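Q: give me coordinates for this.
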Amino acid sequence: IALKAGKRLADHEILGTEVMDEEGSQTLNMVNVALPLPTSLKWSNALYKRLNGALIEDHNTYSAWFFHSGKWWTRVSLQVFNEVDEVEILGKAWLQVSKDLVKDLEDGTFK
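A: Numbering: from 1, shown residues only. Got it, this is the predicted structure:
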């Protein structure tokens, strides 16, 4: 289910990115999906507060996120009781959070 959900999350209709392990050889109940964040973005306390705050407070959802091999990723954990469609909620939240951050970076209101 994790690989199927990861592919759905990375789908062009949601994030438009990619799954780290396309074949699923390393995927059990977790999947890593690239986020549509600028690769030039550097980790900072401000970024940590911004992304986590927006996900949790504004969208009532969360998934871990990290920088690896030149891209920002989210790591999603799924269990047998999860439905693939549930990742759409997370995907839409990440998409909005990413768009808002990119806009603020372009406007200079987030540094």
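Q: longest single helix anywhere in this structure?
A: helix 86-107 (DSSP state H).
Q: same question for it, mean pLDDT?
A: In this model, helix 86-107 carries a mean pLDDT of 95.
Q: distance from that helix to the middle of the chain?
A: Distance of helix 86-107 from the chain centroid (CA atoms, centre = their mean, to the nearest Å) equals 9 Å.
Q: again, but for stretch 31-50
A: With CA atoms, centre = their mean, you get 9 Å for stretch 31-50.
Q: end-to-end on that stretch?
A: 23 Å (CA to CA, to the nearest Å).
Q: equivalent analysis for stretch 77-93, please.
A: The first and final residues of stretch 77-93 sit 16 Å from each other (CA to CA).
Q: buried sites along that stretch?
A: Residues 78, 87-88, 90-91, 93 are the ones in stretch 77-93 that count as buried (16 or more other CB atoms under 10 Å). Using the backbone N, CA and C atoms, a C-beta is placed for each residue, glycine as well.
Q: thinking Thr39 is in contact with His68, fair?
A: No - assessed by CB atoms under 8 Å, Thr39 is found out of contact with His68, at 11.1 Å.
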